[in-house]
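Novice: Quick one, fold the following:
(one chain, ligands or ions: 3)
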Amino acid sequence: MYWGRGWRRPRWWACLLAGLALLLCLHASLRCCSGGRRGRGVSSVCGCRTCVAQPGTDSWFDERFNSSVEPLLSTKNSWIHPDALHWWMRLQSGRTTVVKVTEWLLKAGATTNPYQGPPQPSRCRSCSVVGNSGNLRGSEYGKLIDSHDFVLRMNRAAIAGFEPDVGTRTTHHFMYPESARDLQPHVYLVLVPFKLLDLMWLSSALSSGHINVTYTRVKRYIKADRDKVLVIHPEFFKYVHENWTERHGRYPSTGLLTLVFALHLCDQVSVFGYGADIRGNWHHYWEKNRYAGAFRATGVHHAGFERQVITQLAIGGKIRLYPGQ
Ligand SMILES: *[C@@H]1O[C@H](CO)[C@@H](O)[C@H](O)[C@H]1NC(C)=O
Ligand SMILES: *[C@@H]1O[C@H](CO)[C@@H](O)[C@H](O)[C@H]1NC(C)=O
Ligand SMILES: *[C@@H]1O[C@H](CO)[C@@H](O)[C@H](O)[C@H]1NC(C)=O
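Specialist: Ligands and ions are numbered 1, 2, ... in the order given. Sure thing, here's the model as predicted:
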């Protein structure tokens with residue numbers, strides 16, 4: 001083959017350059033995918049290094065996670081499927097009617113859900129879900145907890161006096177009437193409605209205060225931003241019961257609901273303050289008595305099974321579980 005004199009040199013350089021480019025490509029692709037983690041490639045559903053909703057990384061998760069189930073009631077979805085409505089109505093002891101329940105759900109759904117829609121390739125939303133376990137005492141997780149975009153807390157969670165261990169920020173606070181507390185301005189109040197009366201209580205507690213008792217005494221008034229009230233969708237409740245706790249217990253705990261809520265809303269989820277402390281005691285981090293055992297002593301949830309679900313999420317790399325002290 002004849003190589004013209006004028007061509008030889010440029011061709012040689014071109015080959016060298018092409019070779020270098022190939023090496024660089026190989027290097028980059030190896031780096032991006034080492035350890036099974038995804039890079040910011042086009043196939044990623046969100047903008048983080050790993051995304052909760054990314055299918056194909058954990059089949060156990062994929063069998064359970066259904067991104068079409070919306071966690072919150074809103075104007076667009078407050079018509080409830082009859083199956084979910086009847087399941088939810090059976091949770092309550094008092095008598096009620098479908099018409100009445102529907103009317104209240106429509107009323108509760110008359111808010112906008114600011115978090116509708118799937119993950120975006122340009123978004124990397126990190127969340128810390130903070131349970132109330134005594135394992136937070138002395139953990140010094142405060143700064144780490146606060147470093148997430150969203151900080152989700154629940155029930156009677158206190159901050160004052162525990163900042164180094166539990167952090168200072170809250171963006172969402174999950175509660176029901178019997179576990180309610182006043183909130184700081186700008187915090188979303190997320191109602192977990194176990195019964196119709198809970199919806200009625202929320203409305204009352206933000207206005208007239210005419211409800212002061214459910215099955216026990218409850219707060220008549222609650223301090224919270226009225227335009228930052230969200231309500232968990234009964235269909236989401238049923239989905240967590242069927243697909244996540246697999247019908248163990250009568251219904252899932254607030255802790256598990258909050259965690260699955262985070263899986264639906266966030267791209268990365270860190271979990272703090274769940275389970276027992278290192279001595280095996282179940283108590284809240286604000287309780288002096290380590291032997292209070294308060295939160296295992298609920299007959300309606302299946303703490304053991306919920307624990308397995310949480311462990312499995314951590315094994316599959318869908319959450320990062322911080323064990324505490
Ligand atoms: C996911 O949820 C939607 C909405 O509730 C439902 O129509 C669909 O059947 C569910 N998908 C699976 C695989 O169960
Ligand atoms: C609740 O309110 C009713 C009146 O609406 C009142 O009679 C009752 O004493 C109150 N109960 C408690 C426990 O505060
Ligand atoms: C969830 O549970 C329902 C009812 O048991 C089932 O039909 C469905 O296939 C499960 N999986 C998903 C992903 O929704």
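Novice: Please list the residues of the chain that sit near ligand 3.
Specialist: Counting by C-beta under 6 Å from any ligand atom, the positions of the chain adjacent to ligand 3 are 64, 66, 242-243. Using the backbone N, CA and C atoms, a C-beta is placed for each residue, glycine as well.
Novice: And those residues, which is closest to ligand 1?
Specialist: N66 (3.7 Å; C-beta to the nearest ligand atom).
Novice: and that closest one, what does it touch?
Specialist: By C-beta atoms under 8 Å, 6 or more residues apart in numbering, the contact list for N66 reads 239, 243.
Novice: Same check on E306?
Specialist: By C-beta under 8 Å, 6+ apart, the contact set of E306 is 245, 248-249, 252-253, 255-256.
Novice: Just the helices from the protein, written as ranges.
Specialist: Along the chain, counting by DSSP state H, helices occupy 5-33, 59-64, 82-90, 98-108, 142-146, 163-166, 196-205, 234-239, 254-265, 303-315.
Novice: Looking at the ones you listed, which is nearest to ligand 2?
Specialist: helix 196-205 (10.5 Å).
Novice: Mind checking if the closest one is in reach of ligand 2?
Specialist: No. Applying C-beta under 6 Å from any ligand atom, one finds helix 196-205 separated from ligand 2 by no less than 10.5 Å.
Novice: Give me the residues contacting that helix.
Specialist: 89, 92, 94, 96, 100-101, 104-105, 107-108, 176-177, 180, 189, 191-193, 210-211, 214, 218-222, 229, 231.
Novice: Check stretch 83-92 too.
Specialist: So stretch 83-92 is contacted by 80, 96, 98, 101-102, 194-197, 234-235, 237-238, 241, 250-251 (C-beta under 8 Å, 6+ apart).
Novice: now do 6 Å
Specialist: Here stretch 83-92 makes contact (C-beta atoms under 6 Å, 6 or more residues apart in numbering) with 194-195, 234-235, 238, 251.
Novice: For whichever residue of the chain sits closest to ligand 2, give me its contacts.
Specialist: Nearest residue of the chain to ligand 2, counting by C-beta to the nearest ligand atom: N212, 3.8 Å away. By C-beta under 6 Å, 6+ apart, the contact set of N212 is R220.
Novice: do the same with K223
Specialist: Applying C-beta under 6 Å, 6+ apart, one finds that K223 lies in contact with D182.
Novice: Centroid-nearest residue for this structure?
Specialist: A262 (1.6 Å; C-alpha atoms, centre = their mean).
Novice: from what I can see that one touches S128, true?
Specialist: No. Using C-beta atoms under 6 Å as the test, A262 is too far from S128 to be in contact (8.6 Å).
Novice: For the residue in the stretch 201-325 of the chain that ligand 3 sits nearest to, which non-adjacent residue is closest in space?
Specialist: At 3.8 Å from ligand 3, N243 is the closest residue in the stretch 201-325 of the chain, using C-beta to the nearest ligand atom. Sequence neighbours aside, R64 is the residue nearest to N243 in space, at 4.7 Å (criterion: C-beta to C-beta, 6 or more residues apart in numbering).
Novice: Ok, S179 next?
Specialist: In space, S179 is closest to N155, 3.8 Å off (C-beta to C-beta, 6+ apart).
Novice: Neighbours of that neighbour, how many?
Specialist: Counted with other C-beta atoms under 10 Å, the neighbours of N155 add up to 21.
Novice: Report the contact partners of it.
Specialist: Contacts of N155 (C-beta under 6 Å, 6+ apart): 175, 179, 254.
Novice: go again using 8 Å as the cut-off
Specialist: With the criterion set at C-beta under 8 Å, 6+ apart, N155 makes contact with 132, 174-175, 179, 181, 254.
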